[in-house]
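Student: Only the shape, not the letters, is given here:
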């Protein structure tokens, strides 16, 4: 063991003599990187911290973290050297690190902040990545030719502070990446998965005060106009993304999901975003299906404290709603105004869509400001189920469905403060189950169609006699449910 003084950190570093490289091959001059492996007086040495599995400090590679210096080259050196050694964790001590379009395109490279973040103290962090002049993004996890070139790479306990001067905090187009306990704030778009998302983990993060969207997923086929400033987005679709214990607050939209198959949202909070907390937007180029949301909370989205922004908001500023070059998804601001969640699976010509299999369980939709905030708007969807969900709020937990483009909505044991204000007219093919036998029914969408109990055989007298059923339901839900034509039971 010899002791050397690190020229970057001024710290004493122990090195141990070695004759072999990390893979067991014989050491030679080509394997000396000057950071982990050194050659001193004709002999080869290895940093003992690396031998012991301790994360190597980014400052060993020359990073300053002084809020002035462009540290990008130091981060690139660290990534390349640690990657050549098989990958590992790189410690980021306290500091403000300036980065310009830092791109991770190597596997198993994880940057770890020096101390754990309290994700609910969204402005409290001793370790932050910030944009250097001219940055498009602070960091990117890039998929490359394999779609997982940055697989098992990512960030833990890092704040991405955009300073309202950068388009993206973190852009991702690689599968199997991680973001744990990070904060992304004051960017135009907090974190965007632009393609190749597969088994990515987002756990314990906060997206706060991002101008347009906190977190978003966009189809890779639309990258040329949705994200034209990101070169060479990996052209693989997005599936199997894990999103849990996260918080989206005070963004433009909380999250916008343009593409995704088998995505799980769990134990997350979407609150006080300027517009919808959650927006599912299926386009002609994308697929949005097999979506699960469990144990989540949506509250005070379309926050009235930002009401003056609603009318002036321009979708020309928001590329996440482009469905073709210079063509935006048809959007009626008044039609969707105030809803905590919007599900929109229309095709470009407004004739319906194939976004399907939305499964929400124990999700609380909590409008705060009476009739000015509402719960759920389904513009177009197939097979959306809501099990044991809450539609609470002050006086209006309204659930609204556009019947012409929505088919198959299932609501089981909802809880709400006021059933008489829960549902709007237009429930085509909707099934509601409220516990006791006989309280399950569906409106087929016209006043002449029979109301029926779907769990009973088709020849059961209660199914074939709509007058008896109408009388039964009228007694159970008097004045609470309307048919598509507006006739109230």
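Tutor: All right, it came through fine. Just so we're clear, the structure is a prediction, and the values are computed from it rather than from any experiment.
Student: and the gap between residue 277 and residue 187?
Tutor: To residue 187, residue 277 is 18 Å away according to Cβ to Cβ, to the nearest Å. Bear in mind the C-beta positions are built from the backbone N, C-alpha and C, glycine included.
Student: Let me fix that, I meant to ask about residue 247.
Tutor: Distance from residue 247 to residue 187, by Cβ to Cβ: 16 Å.
Student: Looking at those two, which has the bigger crowd around it?
Tutor: residue 187 (30 against 20; other Cβ atoms under 10 Å).
Student: Give me the neighbour count for residue 129.
Tutor: 28.
Student: Tell me which helix or strand comes right after the helix or strand hosting it.
Tutor: Secondary structure from DSSP states H and E places residue 129 in strand 127-131. Tracing the chain C-terminally past strand 127-131 and defining elements by DSSP H and E, one meets strand 137-142 next.
Student: how much does that next one deviate in direction from strand 127-131?
Tutor: Relative orientation of strand 137-142 versus strand 127-131 (axes from the mean of the first three to the mean of the last three Cα atoms, to 10 degrees): 100 degrees.
Student: Run the chain-centre distance for strand 137-142.
Tutor: Mean-position distance between strand 137-142 and its chain equals 16 Å (Cα atoms, centre = their mean, to the nearest Å).
Student: Output the below-cut-off pLDDT ranges for the stretch 101-250 of the chain.
Tutor: The model of the stretch 101-250 of the chain has pLDDT under 70 over residues 116-125.
Student: Spatially, which residue comes closest to the spatially most central residue of the chain, not counting chain neighbours?
Tutor: Most central in the chain under Cα atoms, centre = their mean is residue 215, positioned 4.2 Å from the mean C-alpha point. Excluding the flanking residues, the one nearest residue 215 by Cβ to Cβ, 6 or more residues apart in numbering is residue 255, at 4.6 Å.
Student: Could you say which helix or strand holds the one you found?
Tutor: strand 253-257.
Student: Quick check: next helix or strand after that strand?
Tutor: Remark: after strand 253-257, the chain's next helix or strand is strand 260-266, criterion DSSP H and E.
Student: any idea how far the longest strand along the chain is from the chain center?
Tutor: Secondary structure assigned by DSSP state E gives strand 374-387 as the longest strand of the chain. Strand 374-387 sits 19 Å away from the centroid of its parent chain (Cα atoms, centre = their mean).
Student: mean confidence score for that strand?
Tutor: Across strand 374-387, pLDDT averages out at 83.
Student: Sheet partners, orientation included, of that strand?
Tutor: Counting by DSSP bridges, the strands paired with strand 374-387 are strand 339-344 (parallel), strand 356-361 (parallel), strand 399-401 (parallel), strand 406-412 (parallel).
Student: Any regions of the stretch 301-450 of the chain where pLDDT drops low?
Tutor: 310-316, 330-335, 346-355, 370-371, 393-397, 403-405, 407-408, 416-450.
Student: just the helices in it please.
Tutor: Secondary structure of the stretch 301-450 of the chain, counting by DSSP state H, counting those that start in this stretch: helices at 307-312, 333-336.
Student: can you tell me which residues contact residue 135?
Tutor: For residue 135, the contact set (Cβ atoms under 8 Å, 6 or more residues apart in numbering) comprises 99-101, 165-166.
Student: Out of those, which comes closest to residue 266?
Tutor: Proximity of those to residue 266 (Cβ to Cβ) peaks at residue 166, which lies at 29.1 Å.
Student: What score does residue 77 have for pLDDT?
Tutor: Value for residue 77, per-residue pLDDT: 93.
Student: Mind giving me the packing neighbours of the host helix or strand of it?
Tutor: If you go by DSSP H and E, residue 77 is part of helix 72-84. On a contact count with 3 or more Cβ pairs under 8 Å, 6 or more residues apart in numbering; DSSP states H and E, helix 72-84 meets strand 88-92, strand 95-99, strand 102-104, strand 109-113.
Student: what sits up against it?
Tutor: For helix 72-84, contacts defined as Cβ under 8 Å, 6+ apart pick out 33, 35-36, 56, 58, 60-64, 88, 90, 97-102, 104, 106-109, 111, 132.
Student: One more: stretch 287-294?
Tutor: Under Cβ under 8 Å, 6+ apart, the answer for stretch 287-294 is 237, 257-267, 278, 280-282, 345, 354-363.
Student: same thing but 7 Å
Tutor: 257, 259-266, 280, 282, 345, 355-363 (Cβ atoms under 7 Å, 6 or more residues apart in numbering).
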